[in-house]
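# Curious how this folds, go ahead:
(2 chains)
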Protein chains: 2
Amino acid sequence: MKTKAARGEFDIIRRFFAPLARSEPGALDLTDDAAIVSVRPGYSLVVSTDTIIEGAHFFSGDTAADIAAKGLAVAFSDIAAMGATATAYTLSLSLPRVWKCGQIERWLGAFAEELRVEQQAIGVILVGGDTVATPGPLSLTLTVFGMIRSGHELRRSGARIGDLVYVSGNIGDGALGLSVLTGHLDQLDDVQREALARRFRRPTPRLALGLHLSGIAHSAVDVSDGLVADLGHICDASRVQANIEAARIPLSEPARAALGANPALMAQILSGGDDYELVFTAPPEAAESLARIAANVDLALTKIGRIGVRETLDTGPSVRVTGLDGQAFDPGIGGFSHF
Amino acid sequence: MKTKAARGEFDIIRRFFAPLARSEPGALDLTDDAAIVSVRPGYSLVVSTDTIIEGAHFFSGDTAADIAAKGLAVAFSDIAAMGATATAYTLSLSLPRVWKCGQIERWLGAFAEELRVEQQAIGVILVGGDTVATPGPLSLTLTVFGMIRSGHELRRSGARIGDLVYVSGNIGDGALGLSVLTGHLDQLDDVQREALARRFRRPTPRLALGLHLSGIAHSAVDVSDGLVADLGHICDASRVQANIEAARIPLSEPARAALGANPALMAQILSGGDDYELVFTAPPEAAESLARIAANVDLALTKIGRIGVRETLDTGPSVRVTGLDGQAFDPGIGGFSHF
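Numbers count the residues shown, from 1 in each chain, chains lettered A, B, ... in the order given. The predicted model follows:
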């Protein structure tokens, strides 16, 4: 079951990961049984965990740096959606047994360097982890932590009838970027294709926005499974219905170009995932605050619809979409699923 | 990269995992972006993460129940070694893509049922997770949480010269159990073999002992990589040397029988892992308290050696073993490694 190795895991921790934990005394240099995380009085800890696997959530050819960056972004996006301050993370890394020593060294060097850059940008620190050899593909589990004033978290269940529905940034780039990377959308030029691919590979967790939304938005979720599916989670938890207009969905220039060439892509824009923007609901009187926040965090916040009474509580879609032609639009099954 | 599925992950959460989270409001029924964990004022959170993979840390034929039980035990053993109160965990589960629907259902049913039983025994609750389909083998990452009065954690770095070295329970059963399961030790009878195999499959995290040791022991670690390797971690972190006697290592009846038949097994007993007992150091004046604790938690605590000045700081073994013959004994390379 196990292989005797020259203290391989300890060397890996010392060389590659302990430097990422050095400024946090509670991480105990990653050499103790567990890390100590202190939480300010009056605050709660917010915890989320995500696994990403080669061949399922990222491509075999993806660089160590891209995997590190995407892993952190995807995981901390959940902290953003709670309106919490990101603080720390643990990393469990499964490296393929078949990798050679030199390959492991090079990969870990690039991976740890990108973690260093990204954790500084996000403002978090590594506090613990595990490194194992796997007979399977490369895989990572990140458990991420944030802090929030107790009771101030943004939940999915808080949407109220009359709320307006907003999204941050642009929607659809993640799904279209994945299309580019799988050999589609060749009607676009190279700059457009690269812009979309980059948004799939390097999403940005909307942490600053999430912090500002706490106390203003009634509910929030990040767009990971797809706009309609994720907004559907808010509606299901809040027992309401969202009515949104396709014409209002904010699109990037390459997404507009792609949609211009093939209007059928609207379904993909609405139900594809991987944008890691926030979709949230807020009362109409929050409009001014939201305009200030948008300016503060330098990110567009676009009103795309409204929360109403749910017509059918237990069946039927909780998100109704009006298409570009003014007719009801069915974007297909609700959301991509990683399962 | 992703497959559209009929909201598979949400169904899995609702049916199998949400019931494990029901009594914890902060788990938000596992349906929000993240869980809320509150920490009592004056207390810190203790966090540890472990990944176990089919074919590396458990056998392909192991039952869902055994995997659930061992996963929780191994992970919470780290919380025990810190002297903390176990509180909660997140579970990230990677299920093989090739599994059929019926197989997934049966497996998850048995797995979740055992989690329910074990989490009740340990006194913890599921607060979050992720379920993904993998092109690789079954794998689980557990991130476990405990609480400890700030500053009262048992660290590896606290051993002092003159401390006595103790272990809980019996040592070596884990490694010998693994030998049984890989077809060795056929000189033992079926009852002995089954007893050892069971200790490998179903270790017990020494949480009650850890709680009692906080404030009494100077340092502690759990025996996962092997007694000599793990005690070595204490010595390295504390910059001391441990001198232990093989004759004092507490052995179970089947381990004594195995060693009687083959004295060379002493190396395996000392350097094999998977016991999940605690090895700790405490000053001589703690002897009476330790006797009371042993009675309280109904677990033998055995003195196996003493902490001394380190003879060679940067090289050479930090744990010296006196063999059964009174001569210096080298159990071989320090500890099994999962890497």
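
# which residue sits closest to the closest residue to chain B within the stretch 151-300 of chain A in space, ignoring its chain neighbours?
Distance from chain B to each residue of the stretch 151-300 of chain A (Cβ to the nearest Cβ) is smallest for A:R156, at 5.2 Å. Using the backbone N, CA and C atoms, a C-beta is placed for each residue, glycine as well. Once flanking residues are discounted, A:R156 sits nearest to A:A237: 4.0 Å by Cβ to Cβ, 6 or more residues apart in numbering or on different chains.

# what's near enough to touch the residue of the stretch 151-300 of chain A closest to chain B?
Contacts of A:R156 were listed using Cβ atoms under 8 Å, 6 or more residues apart in numbering or on different chains, and they are A:S219, A:A220, A:V221, A:H233, A:I234, A:A237, A:S238, B:L28, B:T31, B:D32, B:D33.

# With secondary structure and pLDDT as new columns, can those be given to me in JSON lines?
Output for the contacts of A:R156, formatted as JSON lines (DSSP: H, G, I helix; E, B strand; the rest coil; pLDDT from 0 to 100):
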{"residue": "A:S219", "secondary structure": "strand", "pLDDT": "96"}
{"residue": "A:A220", "secondary structure": "strand", "pLDDT": "96"}
{"residue": "A:V221", "secondary structure": "strand", "pLDDT": "96"}
{"residue": "A:H233", "secondary structure": "helix", "pLDDT": "92"}
{"residue": "A:I234", "secondary structure": "helix", "pLDDT": "94"}
{"residue": "A:A237", "secondary structure": "helix", "pLDDT": "91"}
{"residue": "A:S238", "secondary structure": "helix", "pLDDT": "93"}
{"residue": "B:L28", "secondary structure": "helix", "pLDDT": "74"}
{"residue": "B:T31", "secondary structure": "coil", "pLDDT": "72"}
{"residue": "B:D32", "secondary structure": "coil", "pLDDT": "77"}
{"residue": "B:D33", "secondary structure": "coil", "pLDDT": "75"}
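
# Now do the closest residue to A:A208 other than its chain neighbours against A:R206, distance only.
Nearest residue to A:A208, sequence neighbours excluded (Cβ to Cβ, 6+ apart): A:V297, at 4.6 Å. To A:R206, A:V297 is 8 Å away according to Cβ to Cβ, to the nearest Å.

# Of those two, which one has the most company?
A:R206 (26 against 18; other Cβ atoms under 10 Å in any protein chain shown).

# returning to that earlier point: rebuild the contacts of A:R156 as a markdown table, extending it with neighbour count and distance to A:I244.
Below are these laid out as a markdown table (neighbours: other Cβ atoms under 10 Å in any protein chain shown; distance: Cβ to Cβ, whole Å):
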| residue | neighbour count | distance to A:I244 |
| --- | --- | --- |
| A:S219 | 28 | 14 |
| A:A220 | 31 | 15 |
| A:V221 | 28 | 14 |
| A:H233 | 23 | 14 |
| A:I234 | 27 | 12 |
| A:A237 | 20 | 17 |
| A:S238 | 23 | 15 |
| B:L28 | 22 | 24 |
| B:T31 | 17 | 21 |
| B:D32 | 26 | 21 |
| B:D33 | 28 | 20 |
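
# Please work out which residue of chain A is closest to chain B.
For chain A, Cβ to the nearest Cβ, closest residue to chain B: A:G136, 2.2 Å.

# how about stretch A:162-170, does it get close to chain B?
No: judged by Cβ under 8 Å from any Cβ of the partner chain, stretch A:162-170 makes no contact with chain B; its nearest approach is 14.7 Å.

# ok, residues contacting that stretch?
Under Cβ under 8 Å, 6+ apart, the answer for stretch A:162-170 is A:206, A:209, A:217-219, A:223, A:227, A:231, A:242, A:244, A:249-252, A:255, A:275, A:277-284, A:286-287, A:290, A:299-307.

# Test my guess that A:M266 contacts A:D330.
No: in this structure A:M266 lies outside contact range of A:D330 using Cβ atoms under 8 Å: 10.9 Å.

# the more surrounded of those two?
More neighbours surround A:M266 than the other of A:M266 and A:D330, with 20 against 13 (other Cβ under 10 Å).

# ok so, going back, got a quick ChimeraX command for the buried subset of the contacts of stretch A:162-170?
Selection command for ChimeraX covering only the buried members of those, criterion 16 or more other Cβ atoms under 10 Å in any protein chain shown:
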select /A:206,209,217,218,219,223,227,231,242,244,249,250,251,252,255,275,277,278,279,280,281,282,286,290,299,301,302,303,304,305,306,307
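
# Which ones among the contacts of stretch A:162-170 lie within helices?
Of the contacts of stretch A:162-170, the ones assigned to helices by DSSP state H are A:L209, A:L227, A:L231, A:A255, A:A287, A:L290.

# Which pair in those residues has the greatest spatial separation?
In terms of Cβ to Cβ, those reach their longest pairwise distance at A:A255 and A:A287, which sit 25.4 Å apart.

# how many other residues sit next to A:E24?
By other Cβ under 10 Å, 19 other residues sit near A:E24.

# low pLDDT regions in the stretch 101-250 of chain A?
By pLDDT under 70, the stretch 101-250 of chain A contains no weakly predicted segment.

# For it, just list every one of the helices.
A:101-122, A:173-181, A:190-201, A:207-213, A:227-238 (DSSP state H, counting those that start in this stretch).

# Let's have those helices in TSV, adding distance to A:R14.
Shown next, in TSV, are the helices of the stretch 101-250 of chain A (distance: least, Cβ to Cβ, whole Å):
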stretch	distance to A:R14
helix A:101-122	12
helix A:173-181	35
helix A:190-201	30
helix A:207-213	30
helix A:227-238	40
